[in-house]
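J.: just the structure for this:
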Amino acid sequence: MVQLTVISVGTLKERYHTEAVAEYKKRLSAFARVEEVSLKEERIPNEEQPAAVEAALRAEGERILAAVPEGAYTVALCVEGRSMDSPTLAAALGAAADRTGKLCFIIGSSHGLAPAVKARADLRLSVSALTFPHQLMRTLLMEILYRSFSILHGKKYHK
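T.: Take a look at the predicted model:
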């Protein structure tokens, strides 16, 4: 069974997000073992200072990279990443899972991801050119993963 790890900076606060993530995690359990890793977002005293934001991203990036399972195919969610339709993403994830048995997905903080995290990723994935709050992106990612694995297993959910 495939091991899925979702690393996200920040926590889910609203009940509707925690319930949705839990539901998709339950559905995904038919296809994979799912582990969620929530990391603390760095506090930035002055967000107007680019150096302060860069330092926070660097600190978050170090914690993210330390949490990536060894040997996992790593996907960083970032707006400048590659866009794919659902069947194409499912095929890419299926091929990676066949090679490694481990998939790791990374969602950054409200300031994004450190360059080192993006450089480490095997795939930079853009869900949309739009920007979403990281809590909503976590919910959306779980739906995307469930859809991908449903497609891989011949379910009709992808329509």
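
J.: Val127 should be in a helix, yeah?
T.: No - in this structure, Val127 is coil, not part of a helix, as judged by DSSP: H, G, I helix; E, B strand; the rest coil.

J.: next one, pLDDT for the closest residue in space to Thr100 that isn't next to it in sequence please.
T.: Leaving aside its sequence neighbours, Thr100 sits nearest to Tyr73 (C-beta to C-beta, 6 or more residues apart in numbering; 4.8 Å). Using the backbone N, CA and C atoms, a C-beta is placed for each residue, glycine as well. Predicted confidence (pLDDT) for Tyr73: 98.

J.: dump the residue contacts of Tyr73.
T.: Residues near Tyr73 by C-beta atoms under 8 Å, 6 or more residues apart in numbering: Ala96, Ala97, Arg99, Thr100, Lys102, Leu103, Cys104, Asp122, Leu123.

J.: so which of those residues comes closest to Leu89?
T.: Of all these, Leu89 sits closest to Leu123, with 9.3 Å by C-beta to C-beta.
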